[in-house]
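**Student:** show me the folded form of this:
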Amino acid sequence: MTNQTPIELISLVKTIADVLEKRHWTFTAVESCTGGWLSKVCTDRPGSSSWFDCGFVTYSNQSKQDLVNVSKKTLETYGAVSEQTAIEMAHGGLAHSSADMSVAITGIAGPDGGTIEKPVGTVWFAWAIKNQGAKTQKCQFEGDREHVRLQAVITALQGIIKNARD
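**Tutor:** Okay, here's the model as predicted:
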């Protein structure tokens, strides 16, 4: 994967705006390791309220439970950085918004927090469409905290485009 410039992020967001406006859809973001970066990038675009409903920053496990209904059992069994948690985050974002589509991001940006099973750079994504299942993706990103988070935002944006078009 090559480094993306802010201009390329702007281009991805423009494409999202075009795709979602054509479908008359909105989306919500449920972010953990990206800390609201995805929502910020989207709302930097004027007129984004026509396709961006809301964002949830669910950094702690408690906020995942309280804001988007991730079950305590899921967190205890699989951990915050897991496919199961990402799916529950995505569905919870839809349940607590009026959005047609959601994206959830949960990962380990570092520099601490990694394990042998889940090293720093492990990020899970889930994209869900109202009344449908979720599609997931696991990535293992390289680099420092900022670069892991940037790659996660880019991947989430690319996934929104792909899943809104499919």
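**Student:** verify the stated contact: residue 16 with residue 160.
**Tutor:** Yes - using Cβ atoms under 8 Å, residue 16 is in contact with residue 160, at 5.3 Å. C-beta coordinates here come from the backbone N, C-alpha and C atoms, glycine included.
**Student:** which residues in the protein form strands?
**Tutor:** Secondary structure of the chain (DSSP state E): strands at 27-31, 52-57, 101-107, 122-129, 134-140.
**Student:** want to throw those strands into a markdown table with mean pLDDT, distance to residue 166 and mean neighbour count?
**Tutor:** Formatted as a markdown table, the strands of the chain follow (pLDDT from 0 to 100; distance: least, Cβ to Cβ, whole Å; neighbours: other Cβ atoms under 10 Å):
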| stretch | mean pLDDT | distance to residue 166 | mean neighbour count |
| --- | --- | --- | --- |
| strand 27-31 | 98 | 14 | 28 |
| strand 52-57 | 98 | 20 | 20 |
| strand 101-107 | 98 | 11 | 28 |
| strand 122-129 | 98 | 9 | 25 |
| strand 134-140 | 98 | 9 | 16 |
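**Student:** could you dump those strands into CSV with distance to residue 44 added?
**Tutor:** Listed next are the strands of the chain as CSV, based on distance: least, Cβ to Cβ, whole Å:
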stretch, distance to residue 44
strand 27-31, 13
strand 52-57, 10
strand 101-107, 17
strand 122-129, 21
strand 134-140, 23
